[in-house]
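Colleague: Build me a model:
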Amino acid sequence: MLLTAEEPAPARVLRESATSDLFLTADHAGMMIPAALNGLGVPEVERQRHIGWDIGIAGVTEHLSGLLDATAVLQTYSRLVIDCNRDPAWPTAMPVVSEYTPVPGNRNLSAEAKAARTDAIFTPYHNRIRALLDARAGRRTVLIAMHSFTPAFKGEYRAMHIGVLYNRDARFGRILLNLLRQEGDLIVGDNAPYAVTDDSDYSIPTHGEKRGLPHAEIEIRQDLIATPAAQVAWATRLARVLVAADAVLRTG
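Modeller: Purely as a prediction, here's the structure:
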């Protein structure tokens, strides 16, 4: 077993019996590495960067869950161990190099080692989301995938404050995009800094598109949510905007 009995479960659920139609996920909320993997050979200072997790998004999601009374599922382990927004068969799921940083513990992984990570972390996390959504069958649900992004990536500065991502189903994403732009003080990316695709994402295609649930992925620039106070402020703003977007969706 990859995880010991003392190590936390890969899925942390908040407000399982919440009243809101909004349902939150955070694939990269945690930065833990199982003790058996010895830090993957990556210095701690590197593991604490964005390559290890989505900085600030756990705090935003936790506060947002409370403000909305919405169920939230947060993933506990570092994306360097296994990226829970990637199919485990993809090379990016257990990267040998992340951005410019080598990940020695991911070199030459055997099929058994990859399967152990998938079985211990990826599958239980997504099974928890699946079970919670199954339990809501017949109940209106809007899926919101929470993420953060770096102010710069490989030398390219990103001026936007927040991005709204979607793919085939733009129903909720377009509404949310328009309302965020109406805030007046935000630079809002439309499918930027990333876009949801079948080749780069797992959660939205699997839990949103395949179920026919309205959905959007939210990306917040991580330097804007680096402190507890900033996380509260962004959660407060997003709670207001998400409720307004959902109201438009209901009437549309």
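Colleague: Would you map the strands across this structure?
Modeller: Counting by DSSP state E, the segments of the chain that form strands are 11-14, 22-26, 71-75, 97-98, 101-102, 142-149, 152-153, 156-157, 162-165, 188-190, 215-221.
Colleague: Take the ones you listed and lay them out in JSON lines including mean neighbour count, mean pLDDT and distance to residue 197.
Modeller: To be clear about C-beta, it is placed using only N, CA and C from the backbone, and glycine gets the same treatment. Formatted as JSON lines, the strands of the chain follow (neighbours: other C-beta atoms under 10 Å; pLDDT from 0 to 100; distance: least, C-beta to C-beta, whole Å):
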{"stretch": "strand 11-14", "mean neighbour count": "18", "mean pLDDT": "98", "distance to residue 197": "24"}
{"stretch": "strand 22-26", "mean neighbour count": "27", "mean pLDDT": "98", "distance to residue 197": "18"}
{"stretch": "strand 71-75", "mean neighbour count": "26", "mean pLDDT": "98", "distance to residue 197": "20"}
{"stretch": "strand 97-98", "mean neighbour count": "16", "mean pLDDT": "90", "distance to residue 197": "19"}
{"stretch": "strand 101-102", "mean neighbour count": "15", "mean pLDDT": "92", "distance to residue 197": "24"}
{"stretch": "strand 142-149", "mean neighbour count": "24", "mean pLDDT": "98", "distance to residue 197": "14"}
{"stretch": "strand 152-153", "mean neighbour count": "12", "mean pLDDT": "80", "distance to residue 197": "17"}
{"stretch": "strand 156-157", "mean neighbour count": "8", "mean pLDDT": "82", "distance to residue 197": "20"}
{"stretch": "strand 162-165", "mean neighbour count": "25", "mean pLDDT": "97", "distance to residue 197": "10"}
{"stretch": "strand 188-190", "mean neighbour count": "19", "mean pLDDT": "96", "distance to residue 197": "15"}
{"stretch": "strand 215-221", "mean neighbour count": "25", "mean pLDDT": "97", "distance to residue 197": "11"}
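Colleague: and of those strands, who's closest to residue 135?
Modeller: Among those, the nearest to residue 135 by C-beta to C-beta is strand 71-75 (9.7 Å).
Colleague: mind listing what that closest one pairs with, with the direction of each?
Modeller: Looking at strand 71-75 with DSSP bridges, its partner strands are strand 11-14 (antiparallel), strand 22-26 (parallel).
Colleague: what residues does that strand touch?
Modeller: By C-beta atoms under 8 Å, 6 or more residues apart in numbering, the residues outside strand 71-75 that reach it are 10-18, 20, 23-30, 58, 61-62, 64-65, 84, 121, 125, 128-129, 132.
Colleague: send the alpha carbons of stretch 71-89 over as PDB?
Modeller: Output of stretch 71-89 as PDB, limited to C-alpha atoms (Å, rounded to 0.1, in the frame of the first residue of the first chain):
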ATOM      1  CA  THR A  71     -20.400  20.600  -1.200                       C
ATOM      2  CA  ALA A  72     -16.700  20.700  -1.900                       C
ATOM      3  CA  VAL A  73     -14.200  17.900  -2.600                       C
ATOM      4  CA  LEU A  74     -10.600  18.800  -2.200                       C
ATOM      5  CA  GLN A  75      -7.700  16.600  -3.200                       C
ATOM      6  CA  THR A  76      -5.000  16.100  -0.600                       C
ATOM      7  CA  TYR A  77      -1.800  15.100  -2.400                       C
ATOM      8  CA  SER A  78       0.700  16.900  -4.600                       C
ATOM      9  CA  ARG A  79       0.100  16.800  -8.400                       C
ATOM     10  CA  LEU A  80       3.800  15.700  -8.600                       C
ATOM     11  CA  VAL A  81       2.700  12.300  -7.200                       C
ATOM     12  CA  ILE A  82      -0.200  12.100  -9.600                       C
ATOM     13  CA  ASP A  83      -2.100  14.900 -11.200                       C
ATOM     14  CA  CYS A  84      -5.800  14.300 -10.500                       C
ATOM     15  CA  ASN A  85      -6.800  16.400 -13.500                       C
ATOM     16  CA  ARG A  86      -5.000  14.200 -16.000                       C
ATOM     17  CA  ASP A  87      -5.800  10.700 -17.200                       C
ATOM     18  CA  PRO A  88      -3.200   8.400 -15.400                       C
ATOM     19  CA  ALA A  89      -2.200   7.000 -18.700                       C
END
